[in-house]
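> I would like the atomic coordinates for the input below:
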Amino acid sequence: MSAPYGRPLGTDGSVGGSTCGSQVLPAGPPVAERTLVLRCDIGDGTGRGAPVSSLVVVAPPTASSGRALDLGGAVLADVPLSDGVGIVPFPERAATVETLAADGTVLERTRPLTSADLGD
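Below you'll find the predicted structure:
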């Protein structure tokens, strides 16, 4: 799995991009039924500013919200989802993301995708 990400850098139409993670995932449900959590760092396009870090959650559409948790399980940030997708500023110390059904039931707890050398 490799996850490219892009975002607008300003009002002039410029766009920045990055690969947020690449990892070999174990066999399991089809990708459309999995939850993927990514940390995406994109520079400001000038090479002078600090990168902007985003938390990107891609989940099945049954997930209506998410929350970023630290290692102890404390909630660091809420992640609103639309059709299972949400992007918020990356909360430092985020270790996992829980996705939730509309009734508050936890659907899945997922760690962010890491980067691995896939030999490509």
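
> show me the strands in the protein, by range?
In the chain, the segments counted as strands under DSSP state E are 2-8, 15-22, 36-42, 52-58, 65-69, 75-80, 85-89, 96-100, 106-110.

> compare those strands and say which comes out lowest on pLDDT.
Across those, strand 2-8 has the smallest mean pLDDT, namely a mean of 61.

> relative to L113, how far out is the residue nearest the centre of the chain?
Centroid check for the chain by CA atoms, centre = their mean gives V56 as the closest residue, at 2.3 Å. Counting by CB to CB, to the nearest Å, the gap from V56 to L113 is 9 Å. Any C-beta I mention is one placed from the backbone N, CA and C, and that applies to glycine too.

> identify the contacts common to the two.
3, 20, 37-39 (CB atoms under 8 Å, 6 or more residues apart in numbering).

> adding distance to V75 and neighbour count, write those residues out as a markdown table.
Shown next, in a markdown table, are these (distance: CB to CB, whole Å; neighbours: other CB atoms under 10 Å):
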| residue | distance to V75 | neighbour count |
| --- | --- | --- |
| A3 | 24 | 18 |
| C20 | 22 | 23 |
| V37 | 15 | 25 |
| L38 | 19 | 22 |
| R39 | 17 | 18 |
